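Participant: Okay, sequence plus prediction incoming.
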Amino acid sequence: MIDTDRLTTWLDETGLVGDGSPPKITFVSGGTQNEIYEIERGDLHGALRIPPPEAPESRDDGILREWRIMEALEGTDVPHPPALAVCTDKSVLGRTFYVMGYVDGWSPINVDEWPEPFYSDLDARQGLAYQLVEGIALLSKVDWQAKGLQDLGRPEGFHERQVDRWTAFFDRVKAREVPGFDEAAAWLRAHKPIDYIPGLMHGDYQFANVMYEHGGPAKLAAIVDWEMGTVGDPKLDLGWVVQSWPEDTSGGAGTVAGYVDMTGMPSRTEVLERYSEVSGRQVDDMDYYTVLAKWKLAVVLEQGFQRAGDDIKLQSFGPVVLQSMQEAADFAESSDYRG
C-alpha cells in the first residue's frame, strides 16, 4: 500500500505537481520482485515502480539500475518509458522507487490473441516481429560510454563468465539430472563469437517485455522491465528472441514461449536479416548465441522448478527445462559453426 500523503509531498518537492490535486493511485501489477502503480494528477500521468516490503534489499539496487538505463535512453531512438524522477530516500515509501511516464499501449503477455489488425491481417502481424527485433537493434547502437554507464557491467570476459557463472548457479540449485547440460556447456567453452562489440543489452528480451502502440501499423511503444539490463553482448538479446523462433511460420507454426501465436510471422532468417540491417552487426555466428540462450534459459527455469512447491506455474517449468537443455545440446552437436 502506497502512503499517499508522503508520495504527494515527494511529488511536490520533485516538481511532478500536475494540477496540485491529491494523486489518484491505482495498483497495476506486482509480485515478489516489483509492484507497479498508475499515478494520475492533472496532466501528470505516470507509473511508479517499487519493490514490495518483503523483497530483499538487493531489489533497491535493481530499481536504481533500471532507472539509470531508462534515464540514459533519453534522446536515443530506443522506445522506452520516459524517466521522470527517482527516490532513494527510504523514509518516503520505505524502498527505492522511480516514476516513469505512463505508456499507452498493449503487451502481448496481456492478450489472449493478437488484437486487430494483427489478428486477421498477417502482413500487419509481421510488423510486430520486425518492430520487436528493431528495438534491440537500436539498443545495441546506444553509446553506453557517452551515457555514463561504464560501471553498469563488465564487458571484458563476458562470454567466459557466462558459462562459469551459470554453471555455478546450476550446481547450487539442481536436485536432479538434466541431460545435455555438460555437452552444451563444453561446446560453449570451445566456441566463441566471430566478433564481440560490447553494448547495452536488456537481458530478458522477448514479446512479454515490450509494449506496442494501439492499432496498425505495428509500432513499438516501449521496451519495459529493465532489471536484467547490463553492458555486455547485445547479440545475446537477439539469441534470446530467436532461440525458439521457427523458420517456417506458415499455418500451425504454434507459439513461442507459450503465449505468442507465430503463424504468419517472418521466418527466423528474415528476423536475423532485419536485426543485422538495423544494427550494423553480422549474424553469421548465431548458432553460438542460440546454444547459449537455450542453455541459459534451462538453467534459469530450473531454479523456479526446484522451488515450485504447490505453484502450478513453476511446476510447469520442469519439462520445459529438460526440453530446452536437450535442444541446446542437440543444436550444438548438429551445428557446423567453427568459431
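Facilitator: Great, that's in hand. Residues are numbered from 1 along each chain as shown.
Participant: pretty sure Tyr130 is touching Lys219, no?
Facilitator: No - the pair Tyr130 and Lys219 fails to qualify as a contact (Cβ atoms under 8 Å) at a distance of 10.6 Å. From N, CA and C alone the C-beta is placed, and that goes for glycine too.
Participant: For the stretch 1-150 of the chain, just list every one of the helices.
Facilitator: According to DSSP state H, counting those that start in this stretch, the stretch 1-150 of the chain carries its helices in the segments 4-14, 58-72, 90-93, 122-140.
Participant: mind checking which of these is nearest Gly101?
Facilitator: When these are compared by Cβ to Cβ, helix 58-72 sits nearest Gly101, at 9.7 Å.
Participant: how about the closest one: buried residues?
Facilitator: Buried residues in helix 58-72, defined by neighbour count with 16 or more other Cβ atoms under 10 Å: Arg59, Asp60, Gly62, Ile63, Arg65, Glu66, Trp67, Arg68, Ile69, Met70, Glu71, Ala72.
Participant: Which pLDDT does the model give the last one?
Facilitator: What the model reports as pLDDT for Ala72 is 97.
Participant: what do you get for the second one?
Facilitator: Here, the pLDDT recorded for Asp60 equals 94.
Participant: Find the nearest non-adjacent residue to it, please.
Facilitator: With sequence-adjacent residues excluded and distances taken as Cβ to Cβ, 6 or more residues apart in numbering, Asp60 is closest to Thr96, at 3.9 Å.
Participant: Next: Trp226.
Facilitator: Setting aside the residues directly before and after it, Trp226 is nearest to Glu66 in space (Cβ to Cβ, 6+ apart), at 4.3 Å.
Participant: got the contact list for that neighbour?
Facilitator: With contacts taken as Cβ atoms under 8 Å, 6 or more residues apart in numbering, Glu66 has the following neighbours: Arg49, Tyr98, Trp226, Glu227, Gly229.
Participant: ok, for the fourth one, nearest residue in space, not its chain neighbours?
Facilitator: For Glu227, the nearest residue in space outside its immediate sequence neighbours is Gly62; the separation is 4.9 Å by Cβ to Cβ, 6+ apart.
Participant: Could you check how far that neighbour is from Asn34?
Facilitator: 8 Å (Cβ to Cβ, to the nearest Å).
Participant: Identify the contacts common to those two.
Facilitator: If you check Gly62 and Asn34 against Cβ under 8 Å, 6+ apart, the residues they both contact are Pro51, Glu227.
Participant: Next up, the contacts around Ala332.
Facilitator: Ala332 makes contacts with Glu183, Ala184, Trp187, Leu188, Val291, as judged by Cβ under 8 Å, 6+ apart.
Participant: Please enumerate the helices of the stretch 201-339 of the chain.
Facilitator: For the stretch 201-339 of the chain, helices defined by DSSP H, counting those that start in this stretch occupy the ranges 235-242, 268-279, 286-306, 312-315, 317-334.
Participant: Okay, angle between the first one and helix 268-279 too, please.
Facilitator: Computed by axes from the mean of the first three to the mean of the last three Cα atoms, to 10 degrees, the angle separating helix 235-242 from helix 268-279 equals 150 degrees.
Participant: Also the longest one?
Facilitator: If you take the same axes, to 10 degrees, helix 286-306 sits at 110 degrees to helix 268-279.
Participant: Show me the shaky parts of this structure.
Facilitator: Within the chain, the stretches with pLDDT under 70 are 32, 251-258.
Participant: about what we covered before: comparing Tyr130 and Lys219, which shows the higher neighbour count?
Facilitator: Neighbour comparison, Tyr130 and Lys219: the larger count goes to Tyr130, with 19 against 14 (by other Cβ atoms under 10 Å).
Participant: May I have the residues that are in contact with that one?
Facilitator: Applying Cβ under 8 Å, 6+ apart, we find Tyr130 in contact with Ala218, Pro266, Val271, Arg274.
Participant: Tell me the one of those nearest Leu238?
Facilitator: Within the contacts of Tyr130, the smallest distance to Leu238 is 8.6 Å, found for Val271 (Cβ to Cβ).
Participant: who's in contact with that closest one?
Facilitator: Contacts of Val271 by Cβ under 8 Å, 6+ apart are Ala129, Tyr130, Val133, Val241, Val242, Trp245.
Participant: rerun at 10 Å
Facilitator: When the contact criterion is Cβ atoms under 10 Å, 6 or more residues apart in numbering, the partners of Val271 are 126, 129-130, 132-133, 238, 241-242, 245, 247, 249, 265, 283.
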